[in-house]
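S.K.: Need coordinates for the following:
(2 chains)
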Amino acid sequence: MQHCFHCGLPADASFSMEINSVEHAFCCAGCQAITCAISESGLSDFYQFRDKQSAKPNEPVPAFSHYDLEAVQQEIVRPLDEAYSEILVSLSGISCAACAWLIEHHIEKIAGVRKVSVNVTNALCRIEWNTAECKLSTIFSAIDEVGYGVSPYLESRQQNERGAQNKSMLMRLGVAGIGMMQVGMYAIALHAGAVQGMDSNWQHFFRWVSLMVATPVVFYSAQPFFSNALKGIKRLRLGMDVPVALAIGLAYVASVWATISNVGEVYFDSISMFTFFLLSGRYLEMKVRHSSAFAAESFSQLLPLAVNRLIDEKGGDVVVQRDKKNGVELVPLSALNTGDKVLIAAGDVIPCDGVVCDGEGSVNEMLLTGEAEPQQKLCLQQVWAGSVVGETALTIRVDAVGTDTKLASIEYIAHRAMSEKPDKVVIADKIAGIFVMCVLLVASAAAVYWYFVEPAKAFWVALSVLVVTCPCALSLATPAALTAGALRLRKMGVLVTSSFFIERLTHLSRVVFDKTGTLTEGKLSVERIEIVDSAVVDSEERVMHLVASLEANSNHPIASAFTSALSRLTVEKRKSFPGHGIEGVIESKTYRFGTTAFASPQTPQRYPGAGLWQLLSCEQKPIAWVLLQDKPRSDVESCLNELSRLDISFEILSGDREENVDRCAQRYGFQSYVAGALPEQKLAHVRQLQSQGDSVLMVGDGINDVPGLSGAGISIAMGNSTHLAQTHADAILLSGNLVSIARAINFSHKVYSIIRQNFCWAIGYNVLALPAAVMGLVPPYLAAAGMSLSSLIVVLNALRLNRNIGADSLPFDSGSATSLSMSPSTAG
Amino acid sequence: MDSLFILIPIALVLVAIAVRVFLWAVKSGQFEDLDTEGKRILFDSQTLDDDCEDNLFIKNINRK
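M.R.: Here you go, the predicted structure:
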């Protein structure tokens, strides 16, 4: 079976092209066109450089002309000087570094573009161009031409904050690392001197130099510890930062005193090492938190940036003027107010909640309800932001915009649900307080004891106790394993977007599947063709060509089943009858395709069987039947087998009709199912299961699944699902292979055993080292070194999760690729 | 041994410069994408020249 050269999906024999004298097959006209564009630009090396398959392009081709609007550009473009401007653009379909190469080279060639730089990690592209020489829409079209989705990057405040936090942490870490290494060198000299004997001049010199290097480490790099400790003390809550701040602060003051008065020991090396390793632990923890938040936010940009607003002649429910050119103005979405009237073209997204005031036609509300069948909208009927207009343009009177829309409220509820802290963290906070109290008591007790026995030791014994008991390894135990686990899951095709996903997988008892789009592909495809009148149509190809020609440029889900047929006949007088079918004149004969009552009204035919049959008729005489089906995914059985093996029960929770769901359940052996469920009912069902003691995983893809996805303990959204569903799920199944879910459940147990090992090691180390420190056997530098070593062991143990990658990873990773970028101090 | 009196201060100055450069690098976003740049050295093995005769020839025979 041949695979598409561009995206790797199964190829269609009717699409092929020769590149460098080798014949290549493609799956659709889109992939073929992109490959053609790439090789014509002389960039066919892309196919050698890339290490992952490219994403299949979306149809239809979007228009970019509204990005040239002054008002829109004000929000997304940053002028650099009089001639040049800069824009940050979000890309979709990036799968590897070769994509960056391709886009950069393709865009650089456009006259007027000064600089293009693509960042693969977060799929962003920065472009500098001369606004007089070329238009923004030209640049956008060029990116789209080589097969990548493009939209302006709208940074949210939280992303800004995270970026700033990341940078400041990295800077502190760098200063601490450099300081640690410098002071370490001087410390070796001092220690050697202590053993071999050293001139007091030299000792003085080295101490002062160490002081100079350690000072910025203490005041800049360690500053977060001090400020957090102060905050905690003010609120009378002892956090881990208190002993850390105490240790660093006391050691620093003592060392400065020792340097000035030339008496006693200095601990600059211990302080620096301590700071560095603690900071790396915090940095890793922060990365874990940030990476789970990142994937969720980039999906909320569904609505268009600019809309066609009717210029107001009089207010109220006035019927709109027919002359569109003079009557409409293109304005940014943010300028829209309630009471305005907007004109939405066929195929565009409705930007606001409102009421139809002119035109009537179908509207696809799949984003909000999961219903694939378009809804017929007449005058004065409600429409919602996020739905897609069908074949006829509509004029809408705006009722709600922005955060007042139903879309926004659904998002808000789910965001709130997502920001709940995982249970373990709350418990850990309480335990930490008690632990810190104990540590401080033990340290003071040791200090007092040694003061009476051998006063010289008292101070540094207390210091060592504080350093040794710092649960650095303990705080690294979980984040290190979770990060490594999430990376491995990503390679399996599961993108983890919430921090408690792996943990909750281990307690799973029931999986709830949505049907359309989850167990099935979510697209209609031609299952069978039955020819009724072979005099008119002699072959199935002829039937396909006729229907494909009629359904060309139609937005109806049924039309998507025919887009792969290449050759199109010219159709005149095409007319669509929403809810019934489509009609057109081909080669002077009138053809109709649709329901039997529509296609052959004089002699209504009986449907040949169950399922979605459509009739093709010529001059109102039936000539062929076409059976359309939503193809089920290929690995449903293997996934369900694996789940039974793991002793996890499963069921279907679908909004579709009873007979369709029943058929699906019978086929795979589902013990139970729920059909015809509205979104609220899906959530209610999930809650009911939970109250019966089940831990529920919900797998879905549409917005009608969103309440269920938010309410379930854990949820997974399919990779090609609606954006809002992906925002609300705890993980996204990028590969679309259901069996990865079962693999992920298996893997989560492994991750948990690693976390447990880490905890055992960290606690064991502390338990052994504490008595040793109290007895005065551990000098501060050894304490700091030992603590860093134990942290290293914890991290290395976590990295074991990434071994044996070959067996689990999948070759094709369709959909947008976001990756967790690890800090430089750990292997990626 | 006395040379250390000069060498170590020089080292300190160098360290200060290094830290300054590091801080600039972080602030200007040099650490944001660590994957692409690593692979970039593998690209550009040939110069892309659109007017080159060979490319035109290849373009023509590739059309179907």
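S.K.: contacts and neighbour counts: CA atoms only from here.
M.R.: Fine.
S.K.: Scan the chain for its longest helix.
M.R.: No chain was given, so I picked chain A. In chain A, with assignment by DSSP state H, the single longest helix is helix A:157-196.
S.K.: try again with chain B
M.R.: helix B:4-27.
S.K.: other SSEs contacting that helix?
M.R.: Counting contacts by 3 or more C-alpha pairs under 8 Å, 6 or more residues apart in numbering or on different chains; DSSP states H and E, helix B:4-27 is packed against helix A:157-196.
S.K.: Could I get the contacting residues of the residue nearest to residue A:172 when sequence neighbours are not counted?
M.R.: Nearest residue to residue A:172, sequence neighbours excluded (C-alpha to C-alpha, 6 or more residues apart in numbering or on different chains): residue A:221, at 4.4 Å. Residues in contact with residue A:221, defined by C-alpha atoms under 8 Å, 6 or more residues apart in numbering or on different chains, are A:172-173, A:175-176, A:275.
S.K.: Any chance of TSV for these, columns pLDDT, distance to residue A:779 and neighbour count?
M.R.: Converted to TSV, these look like this (pLDDT from 0 to 100; distance: C-alpha to C-alpha, whole Å; neighbours: other C-alpha atoms under 10 Å in any protein chain shown):
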residue	pLDDT	distance to residue A:779	neighbour count
A:172	95	26	23
A:173	94	25	24
A:175	95	25	25
A:176	95	21	29
A:275	89	17	27
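S.K.: If we only consider those, which is nearest to chain B?
M.R.: Nearest to chain B among those, counting by C-alpha to the nearest C-alpha, is residue A:175 at 6.6 Å.
S.K.: give me every residue that touches that closest one.
M.R.: Going by C-alpha under 8 Å, 6+ apart, residue A:175 touches A:216-217, A:221, B:19.
S.K.: same thing but 7 Å
M.R.: Taking C-alpha atoms under 7 Å, 6 or more residues apart in numbering or on different chains, we find residue A:175 in contact with A:217, A:221, B:19.
S.K.: I'd say the first one and residue A:179 touch.
M.R.: Yes. Under the contact definition of C-alpha atoms under 7 Å, residue A:217 touches residue A:179, with a separation of 6.3 Å.
S.K.: Quickly list what's touching both of these two.
M.R.: residue A:272.
S.K.: what bits of chain B have low per-residue confidence?
M.R.: B:34-36, B:43-64 (pLDDT under 70).
S.K.: Likewise for the stretch 351-500 of chain A?
M.R.: A:366-373, A:409-430, A:470-475.
S.K.: and the residue of it found nearest chain B, what helix or strand is that in?
M.R.: Of all residues in the stretch 351-500 of chain A, residue A:487 sits closest to chain B, at 14.5 Å by C-alpha to the nearest C-alpha. If you go by DSSP states H and E, residue A:487 is part of helix A:472-492.
S.K.: List the buried residues for that helix?
M.R.: A:472-492 (16 or more other C-alpha atoms under 10 Å in any protein chain shown).
S.K.: Give me the contacts around it.
M.R.: A:278, A:281, A:284-285, A:288, A:495-496, A:740, A:744, A:751, A:754-755, A:758-759, A:762, A:790-791, A:794-795, A:798-799, A:801-802, A:808-810, A:820.
S.K.: Just those residues: which are in strands?
M.R.: A:495-496 (DSSP state E).
S.K.: Can I get the buried part of the contacts of helix A:472-492 as one PyMOL selection?
M.R.: Selection of buried members from these for PyMOL, criterion 16+ other C-alpha under 10 Å:
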select buried, chain A and resi 278+281+284+285+288+495+496+740+744+751+754+755+758+759+762+790+791+794+795+798+799+801+809+820
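S.K.: Tell me how far stretch A:477-490 lies from the chain's centre.
M.R.: Its chain's average C-alpha position is 16 Å from that of stretch A:477-490, according to C-alpha atoms, centre = their mean, to the nearest Å.
S.K.: do stretch A:523-533 as well
M.R.: 37 Å.
S.K.: Which of the helices and strands in chain A ranks last by mean pLDDT?
M.R.: Here the helix or strand of chain A ranked lowest by mean pLDDT, DSSP states H and E is helix A:324-327, holding a mean of 56.
S.K.: Can you name the next helix or strand after it?
M.R.: Remark: after helix A:324-327, the chain's next helix or strand is strand A:328-332, criterion DSSP H and E.
S.K.: mind listing what the helix or strand following that next one pairs with, with the direction of each?
M.R.: For strand A:328-332, the following helix or strand on the C-terminal side (DSSP H and E) is strand A:341-344. Strand A:341-344 pairs in its sheet with strand A:306-310 (antiparallel), strand A:394-400 (antiparallel), by DSSP bridges.
S.K.: about what we covered before: residues of the longest helix of chain A that come out buried?
M.R.: A:159, A:162, A:166-184, A:186-187, A:189-190.
S.K.: one step back: now do the longest helix of chain B and helix A:157-196, the angle between them.
M.R.: 160 degrees (axes from the mean of the first three to the mean of the last three C-alpha atoms, to 10 degrees).
S.K.: count of neighbours near the nearest residue to residue A:582 once chain neighbours are set aside?
M.R.: Of all residues not flanking residue A:582 in the chain, residue A:576 sits nearest, at 4.3 Å (C-alpha to C-alpha, 6+ apart). Neighbours of residue A:576 under the rule other C-alpha atoms under 10 Å in any protein chain shown: 19.
S.K.: Per-residue confidence, residue A:576, what does it come out as?
M.R.: If you check residue A:576, the pLDDT there is 75.
S.K.: any idea how far residue A:199 lies from residue B:5?
M.R.: As judged by C-alpha to C-alpha, to the nearest Å, residue A:199 and residue B:5 stand 14 Å apart.
S.K.: which one of those two has more residues nearby?
M.R.: Set residue A:199 next to residue B:5 and count neighbours by other C-alpha under 10 Å: residue B:5 wins out with 12 against 9.
S.K.: hmm, who's touching the helix or strand following the longest helix of chain B?
M.R.: Where DSSP H and E defines the elements, the next helix or strand beyond helix B:4-27 is helix B:36-40. Around helix B:36-40, the neighbours that count as contacts under C-alpha under 7 Å, 6+ apart are A:97, A:119-120.
S.K.: Show me which of the residues you listed is closest to chain B.
M.R.: Nearest to chain B out of these is residue A:97 (C-alpha to the nearest C-alpha; 4.9 Å).
S.K.: before we move on, back to that, now tabulate the strands paired with strand A:341-344 in TSV and tack on mean neighbour count.
M.R.: Formatted as TSV, the strands paired with strand A:341-344 follow (neighbours: other C-alpha atoms under 10 Å in any protein chain shown):
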stretch	mean neighbour count
strand A:306-310	22
strand A:394-400	24
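S.K.: closest to residue A:447 out of the ones you listed?
M.R.: Residue A:447 lies closest to strand A:394-400 among these, at 67.1 Å (C-alpha to C-alpha).
S.K.: How far off centre is stretch A:511-530?
M.R.: 24 Å.
S.K.: Helix or strand next in line after the helix or strand containing residue A:440, which one?
M.R.: Residue A:440 is located in helix A:423-453, with elements delineated by DSSP H and E. Downstream of helix A:423-453, the next assigned helix or strand under DSSP H and E is helix A:455-468.
S.K.: If you compare the directions of that next one and helix A:423-453, what angle comes out?
M.R.: Going by the same axes, to 10 degrees, helix A:455-468 makes 170 degrees with helix A:423-453.
S.K.: before we move on, back to that, can you read off the backbone torsions of the residue nearest to residue A:582?
M.R.: For residue A:576, the backbone dihedrals (degrees, to the nearest 10) come out as phi -110, psi 140.
S.K.: distance of it from chain B?
M.R.: According to C-alpha to the nearest C-alpha, to the nearest Å, residue A:576 and chain B sit 34 Å apart.
S.K.: wait, what's in contact with the closest residue to residue A:590 other than its chain neighbours?
M.R.: Distance criterion C-alpha to C-alpha, 6+ apart; nearest residue to residue A:590, sequence neighbours excluded, is residue A:619 at 5.2 Å. For residue A:619, the contacting residues are A:589-591, by C-alpha under 7 Å, 6+ apart.
S.K.: Among those, name the buried ones.
M.R.: Among these, those buried by neighbour count (16+ other C-alpha under 10 Å) are A:590-591.
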